[in-house]
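Participant: okay, sequence plus prediction incoming.
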Amino acid sequence: MSRDIFNTIDLNLLRVFLVLFQERNTRKAAERLYVTQPAISQNLKKLRHFFKDDLFVKVPAGLQPTPVAEEIAKKVIPSLNSMQSALNELDNFDPLTETKKVRIALAPLVMISLAGTFILELQKKAPNLEVEIVNWSSTTFEDIESGLLLAGISYVDERIPKHIRAIEIASVTACCAVRRDHPLQGDSATPQEYSAYELASLIIPGWSEDMPLAAKKMQALSLPYKIGFRSAYPMAIVDVIQKTDMFFATSNLFPFSNYPSLRRINIDTQDFELNYALKSYIHQRNSNDSLTQWINGLIEEELKQIIQ
């Protein structure tokens with residue numbers, strides 16, 4: 001039975017062979033490979049032993065390959081060159097030429113704030129990339145694990161599975177949205193002042209699906225509260241608060257400039273933290289993926305522009 005050369009040779013030796021065949025000189029080969037000349041000689045000794053041939057013999061001009069070395073070069077060097085080119089291309093990610101199809105899940109508020117500008121930037125910077133934006137849901141983590149989703153953008157979720165990485169890409173500050181002629185007319189209001197009005201809240205899986213965060217804060221302060229309306233759809237929330245005295249507990253990610261009938265009121269309190277992290281959730285297998293890193297970077301830049 002013939003021996004399995006590929007699985008028994010040290011592939012680093014083939015790289016030495018390639019450079020020696022090209023340079024025909026151990027000193028020049030050592031310089032190209034950033035090693036010492038004795039190291040090249042030692043590797044050549046291993047190559048000779050493995051192939052049972054001298055491979056290179058000394059001549060006045062340097063080294064001359066033997067017929068066996070010529071045959072090895074003829075069959076192996078094209079494959080090594082192809083491998084070298086393929087590996088080098090891994091560091092040459094270019095969004096302009098990327099043609100993949102990816103899906104990204106966004107939490108509801110991130111959806112209405114980011115989706116439009118994000119898609120416009122994608123069309124300019126990665127025109128051949130096909131991106132589908134979907135709502136963050138109770139199955140988002142499962143879809144990231146299975147590969148159906150490249151990433152998901154939402155708030156801190158304590159249910160994060162073992163193989164999912166959470167990368168902070170923005171910090172948002174809690175505030176409230178009300179109709180322009182709402183009875184609360186100041187630039188800020190205390191939790192006690194808010195408690196006089198009904199609360200409108202988004203349903204976000206893993207964040208506020210059981211109970212609105214604002215209600216939890218009021219409960220912790222022993223303040224009365226009433227949940228007037230809940231929905232997973234931001235536009236339904238907007239429609240309700242435009243027509244009622246409800247307040248919408250949101251953040252400075254909300255695109256107030258797009259809704260002139262609404263205004264922002266800050267929360268005047270030191271009783272609880274007002275800053276929250278937005279995170280990109282990806283599978284750990286994509287931690288070093290160039291496309292994933294590029295998309296995360298683009299989303300981060302867009303969020304910086306949007307957050308008020």
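Facilitator: Yes, it's here.
Participant: secondary structure class for A200?
Facilitator: strand (DSSP: H, G, I helix; E, B strand; the rest coil).
Participant: for L109, see how far away it is.
Facilitator: 13 Å (CB to CB, to the nearest Å). C-beta: built from backbone N, CA, C; applies to glycine.
Participant: helix or strand for A170, just tell me which one.
Facilitator: strand 164-179 (DSSP states H and E).
Participant: that strand packs against which elements?
Facilitator: Secondary-structure packing of strand 164-179 (3 or more CB pairs under 8 Å, 6 or more residues apart in numbering; DSSP states H and E): helix 140-146, helix 234-243, strand 247-251, strand 262-267, strand 275-283, helix 290-306.
Participant: show me the contact partners of the helix or strand just after it.
Facilitator: Downstream of strand 164-179, the first helix or strand assigned by DSSP H and E is strand 188-189. Applying CB atoms under 8 Å, 6 or more residues apart in numbering, the contact partners of strand 188-189 are C176, I265, N266, I267, D268.
Participant: parallel or antiparallel, list what pairs with strand 188-189.
Facilitator: According to DSSP bridges, strand 188-189 has the following sheet partners: strand 262-267 (parallel).
Participant: tell me the contacts of the residue lying closest to E193 once chain neighbours are set aside?
Facilitator: Using CB to CB, 6 or more residues apart in numbering and skipping residues adjacent in sequence, the residue nearest E193 is L184, 6.3 Å away. Taking CB under 8 Å, 6+ apart as the criterion, L184 is in contact with V178, E193, Y194, Y197, F247, I265.
Participant: closest one of those to E31?
Facilitator: Nearest to E31, judged by CB to CB, of the contacts of L184 is I265 at 68.8 Å.
Participant: so what's that closest one bridging to?
Facilitator: Where I265 sits in a bridge, its partners, by DSSP bridges, are C176.
Participant: do I have it right that it meets R179?
Facilitator: No - shown here, I265 and R179 do not form a contact pair, counting by CB atoms under 8 Å, at 10.9 Å.
Participant: quick one on the thing from earlier: state the pair within the contacts of strand 188-189 that is farthest apart.
Facilitator: C176 and D268 (10.8 Å).
Participant: ok, these two, which is more surrounded?
Facilitator: C176 (26 against 15; other CB atoms under 10 Å).
Participant: distance of that one relative to R230?
Facilitator: From C176 to R230 the distance is 15 Å (CB to CB).
Participant: one more: E71?
Facilitator: 75 Å.
Participant: more neighbours: which of these two?
Facilitator: Between E71 and R230, counting by other CB under 10 Å, R230 is the more crowded of the two (18 against 13).
Participant: is that one located within a strand, as I assumed?
Facilitator: Yes - applying three-state DSSP, one finds R230 inside a strand.
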